[in-house]
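1. Provide a 3D model corresponding to the input given below.
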Amino acid sequence: ELKTVKATNARRIKELQKELGTVRGVLKSYIYKVDSLNTVNDNLKKENVKVKKQIQEANEMARLLEEKTNELDAKINLASILEADEISIKTLNKKGKVTKSLKRITNIEICFQVLRNITAERGYKTIYIRIADANGEVLTTSGNTFAFEGKELLYSAKKEIEYNGENTPVCMYYKVIEPLQTGSYSIAIFADGNLIGTTGIVLK
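-> I've put the predicted structure just below:
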């Protein structure tokens, strides 16, 4: 009986040893898989850090490029602003002759050059002139306004011109409807929503 038990136990032990060997083999394969996954995970983490760094660098480059673009746009916009030069003022009587007498002035003539500008947009442009007395009161016949820096401003005269990028002579007139007073008058010229020239005159 003891021999039978020993023989049976031996077979069982062999079976268990065989089963254990199989389990160990499976375990080794799983350990290998886990190690492989850990390695992949570590690589992905490293790659993720690398990708994040690349994204940050790309975002920073995009920001710098946007700043540069905005800076260049601002310079181009500034360069494209028209400029009025050689501004001359004449006070005329009803016959179109120059007069210094306040009582005889019926028109104020403002002539100037819109200077050459290769970056400015070509085409038809509306020029506005504001003539203001020493108290800041604008001389106007219509009471109409134009837009400037988010405000509506009265103007004294307006004229549409065709601008081709070259020096363009312009003359504009304000018809006097109320007697002028002695004092200093300021004159401002506007186009494309920009102030393009200023001057003044003293009437005595």
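
2. in the chain, which spans are strands?
-> 84-92, 107-114, 123-132, 145-148, 151-154, 157-163, 168-175, 183-191, 194-203 (DSSP state E).

3. any chance of the ones you listed in CSV, with mean neighbour count and distance to G21 too?
-> C-beta here means a position set from N, CA and C on the backbone, and glycine is covered the same way. What follows is these, written out as CSV (neighbours: other CB atoms under 10 Å; distance: least, CB to CB, whole Å):
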stretch, mean neighbour count, distance to G21
strand 84-92, 16, 100
strand 107-114, 20, 99
strand 123-132, 18, 92
strand 145-148, 14, 91
strand 151-154, 12, 92
strand 157-163, 14, 96
strand 168-175, 16, 100
strand 183-191, 18, 95
strand 194-203, 15, 91
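
4. turn the ones you listed into JSON lines, columns for distance to G25 and mean pLDDT.
-> Listed next are the strands of the chain as JSON lines, based on distance: least, CB to CB, whole Å; pLDDT from 0 to 100:
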{"stretch": "strand 84-92", "distance to G25": "94", "mean pLDDT": "95"}
{"stretch": "strand 107-114", "distance to G25": "92", "mean pLDDT": "96"}
{"stretch": "strand 123-132", "distance to G25": "86", "mean pLDDT": "96"}
{"stretch": "strand 145-148", "distance to G25": "85", "mean pLDDT": "94"}
{"stretch": "strand 151-154", "distance to G25": "87", "mean pLDDT": "94"}
{"stretch": "strand 157-163", "distance to G25": "89", "mean pLDDT": "95"}
{"stretch": "strand 168-175", "distance to G25": "94", "mean pLDDT": "96"}
{"stretch": "strand 183-191", "distance to G25": "89", "mean pLDDT": "95"}
{"stretch": "strand 194-203", "distance to G25": "85", "mean pLDDT": "94"}
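
5. distance between stretch 105-114 and the chain's centre?
-> Relative to the centre of its chain, stretch 105-114 is centred 35 Å away, using CA atoms, centre = their mean, to the nearest Å.

6. for N117, see how far away the most centrally placed residue in the chain is.
-> Centroid-nearest residue in the chain: N70, 5.6 Å away (criterion: CA atoms, centre = their mean). Here the criterion is CB to CB, to the nearest Å. By it, N70 lies 22 Å from N117.

7. re earlier: okay, the strands of the chain in a markdown table with distance to V26 next?
-> Listed next are those as a markdown table, based on distance: least, CB to CB, whole Å:
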| stretch | distance to V26 |
| --- | --- |
| strand 84-92 | 91 |
| strand 107-114 | 90 |
| strand 123-132 | 83 |
| strand 145-148 | 82 |
| strand 151-154 | 83 |
| strand 157-163 | 87 |
| strand 168-175 | 92 |
| strand 183-191 | 86 |
| strand 194-203 | 82 |
